[in-house]
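Student: Next input, structure requested:
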Amino acid sequence: MPIIVTFDVIRPRPRELNRIRGVFERLGWQHVGNTAYRYPPLGEQPETEDWFNRVVPALMLLRAYSRFAATELRGIARFSIDAHSSTGFSQEGEVGTPPLPADEIDYSEPSPAGEVFGQQQLEDWLDGIEWPYAAPPEDNVAAP
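Tutor: As a prediction, this is how the structure comes out:
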């Protein structure tokens, strides 16, 4: 079932919309309007939607951009997401896709407009997102 994201940006700088587009397209989203994207693309129905590697990262980038641009009184003016989705992941059931290292994600080729956000930059960003808590030694011991 599809996920549709739409948003409006206040005073985007040159290339910012193309960079956002590049991330969405590389993550397998279909560009369906000026600032509207659909996952999965029309005509594709994966067994399960890959929220860990395609949906969540795209939304995280949109959030990061919004926070970055808000410091200059720019950013996201409106946002909507419509999701008619049921997905999941189960190692035991061999269903779905776990969160993958960035270099193992099956990226899509972006349109020429979306090429301004390079794949290596996307992979570095994705792998750079870390768990915000350092694990004390006792947290590394498995529970009985």
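
Student: rest of the way, CA atoms for contacts and neighbours
Tutor: Will do.

Student: And the strands in the protein?
Tutor: Listed in chain order, the strands of the chain (DSSP state E) span 3-10, 30-33, 36-39, 75-83.

Student: Contacts for the longest one, please.
Tutor: When contacts are defined by C-alpha atoms under 8 Å, 6 or more residues apart in numbering, strand 75-83 is touched by residues 1-12, 65-70.

Student: before we move on, what about stretch 62-73?
Tutor: Ile20, Arg74, Gly75, Ile76.

Student: Swap in 10 Å and give it another go.
Tutor: 7, 9-13, 16, 20, 23-24, 56-61, 74-77, 79 (C-alpha atoms under 10 Å, 6 or more residues apart in numbering).

Student: how about it: buried residues?
Tutor: Leu62, Tyr65, Ser66, Ala69 (16 or more other C-alpha atoms under 10 Å).

Student: Return the alpha-carbon coordinates of it using PDB.
Tutor: Provided in PDB are the C-alpha atoms of stretch 62-73 (Å, rounded to 0.1, in the frame of the first residue of the first chain):
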ATOM      1  CA  LEU A  62      13.200  15.900   5.500                       C
ATOM      2  CA  ARG A  63      13.100  16.500   9.300                       C
ATOM      3  CA  ALA A  64      16.800  17.300   9.400                       C
ATOM      4  CA  TYR A  65      16.400  19.700   6.500                       C
ATOM      5  CA  SER A  66      13.500  21.400   8.200                       C
ATOM      6  CA  ARG A  67      15.500  21.900  11.500                       C
ATOM      7  CA  PHE A  68      18.500  23.100   9.500                       C
ATOM      8  CA  ALA A  69      16.500  25.600   7.500                       C
ATOM      9  CA  ALA A  70      14.400  26.800  10.400                       C
ATOM     10  CA  THR A  71      17.500  28.500  11.900                       C
ATOM     11  CA  GLU A  72      17.200  31.000   9.000                       C
ATOM     12  CA  LEU A  73      13.400  31.400   9.100                       C
END
